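Asker: The sequence and its predicted three-dimensional model are supplied below.
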Amino acid sequence: MEPIAVIDFETTGISPGQSCRATEIAAVIVEDGRIVGRFQSLMKTGVWVPPFIENLTGISNAMLHAAPPADEVMEAVAEFVGDIPLVAHNASFDQKFWDAELALIRRQRRQTFACSMLLARRLLPQAPNHKLGTLNSWARLPVTGKAHRAMADAEMAANLTLFMTGQLRDQHGIQAISHNLLCRLQKVPAAKIGEALKLARNA
DNA sequence: TGCCAGGCCCTCTTTAGGGCCTT
């Protein structure tokens, strides 16, 4: 598979806007079955972090006060990722923040997102649930650090994506695995995934 | 004033409702 960039945002809430901004971004580049590059930074936006989010992520208002400005961080991570296709766990969430934070520095996303959660629902239906942490423990993937910090979660999502592409290759006999295939599979109705995997194997 | 996401997926479905998943 071509290189992919797996990203994860920590934020002050659930939907980007004036009172909800990113607090941390991590991106890892995955190539030849392993992580070959890492970017991580807190980012200062001036938006207050509610106590619930401080408790969840461990990212405090004091930590962000000393962080680099969001525009500088987003410029840097956009350069780091370049045109490499993106992956995130529940990508609709990270895509909203990626697009919103880029728009604030007058940049536009040029690549598509694949979603490790939508893929896991189809490829790993036997998992107890499809939360990132649960899937990583269930698949016995490495512990990458404190959950709900951007780099730990990005590495977990990267390892999970590698686990699923490994299954596509080894269990389903699919040789031509690409970001585009992941994007196609995540849209197949869950009940028809077997059919789609057969088609991909014979392609 | 009071509200506050949204796309996906399943089912006791399709003229709908509710859980999942991300912070």
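Answerer: All right, it came through fine. Numbering: from 1, shown residues only, chains lettered A, B, ... in the order given.
Asker: what pairs with the residue sitting nearest the centre point of chain A across the strands?
Answerer: With the centre of chain A defined as its mean C-alpha position, the nearest residue by Cα atoms, centre = their mean is A:Ala88, 2.0 Å away. A:Ala88 has these beta-bridge partners by DSSP bridges: A:Cys115.
Asker: Same check on A:Glu24?
Answerer: Beta bridges link A:Glu24 to A:Glu10, A:Leu42 when assigned by DSSP bridges.
Asker: what packs against the helix ranked longest in chain A?
Answerer: Across chain A, the helix with the greatest residue count (assigned by DSSP state H) is helix A:150-170. The helices and strands touching helix A:150-170, judged by 3 or more Cβ pairs under 8 Å, 6 or more residues apart in numbering; DSSP states H and E, are strand A:4-11, strand A:22-31, strand A:34-42, strand A:86-88, helix A:116-123, helix A:132-138, helix A:179-185. (Glycine included, C-beta is placed from N, CA and C.)
Asker: any residue of the fifth one up close to DNA strand B?
Answerer: Right, the one you point to is helix A:116-123. Yes: contact check for helix A:116-123 against DNA strand B, using Cβ under 7 Å from any atom of the strand: residues in range are A:117-118, A:121-122.
Asker: Got a quick ChimeraX command for the buried subset of those?
Answerer: The buried subset of those, as determined by 16 or more other Cβ atoms under 10 Å, is captured in ChimeraX by this line:
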select /A:117,118,121,122
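Asker: okay, the residues of helix A:116-123 next to DNA strand B in JSON lines with pLDDT next?
Answerer: What follows is the residues of helix A:116-123 next to DNA strand B, written out as JSON lines (pLDDT from 0 to 100):
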{"residue": "A:Met117", "pLDDT": "97"}
{"residue": "A:Leu118", "pLDDT": "95"}
{"residue": "A:Arg121", "pLDDT": "95"}
{"residue": "A:Arg122", "pLDDT": "95"}
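Asker: ok, A:Leu104 touching A:Met74?
Answerer: Yes: in this structure, A:Leu104 sits in contact with A:Met74. The criterion is Cβ atoms under 8 Å, and the distance is 7.4 Å.
Asker: Looking at those two, which is more packed in?
Answerer: It is A:Met74, of A:Leu104 and A:Met74, that has more neighbours when counted by other Cβ atoms under 10 Å, with 21 against 14.
Asker: Does whichever strand or helix holds the more buried one reach DNA strand B?
Answerer: Element membership for A:Met74, per DSSP states H and E: helix A:70-81. No: against DNA strand B, helix A:70-81 shows no contacts by Cβ under 7 Å from any atom of the strand, the least distance being 14.5 Å.
Asker: how far off strand A:22-31 does that helix point, in degrees?
Answerer: Orientation of helix A:70-81 against strand A:22-31 (axes from the mean of the first three to the mean of the last three Cα atoms, to 10 degrees) gives an angle of 10 degrees.
Asker: what's the burial count for A:Asn61?
Answerer: 15.
Asker: I'd assumed A:Val49 was in contact with it.
Answerer: Yes: at 5.2 Å, A:Asn61 counts as touching A:Val49 under the criterion of Cβ under 8 Å.
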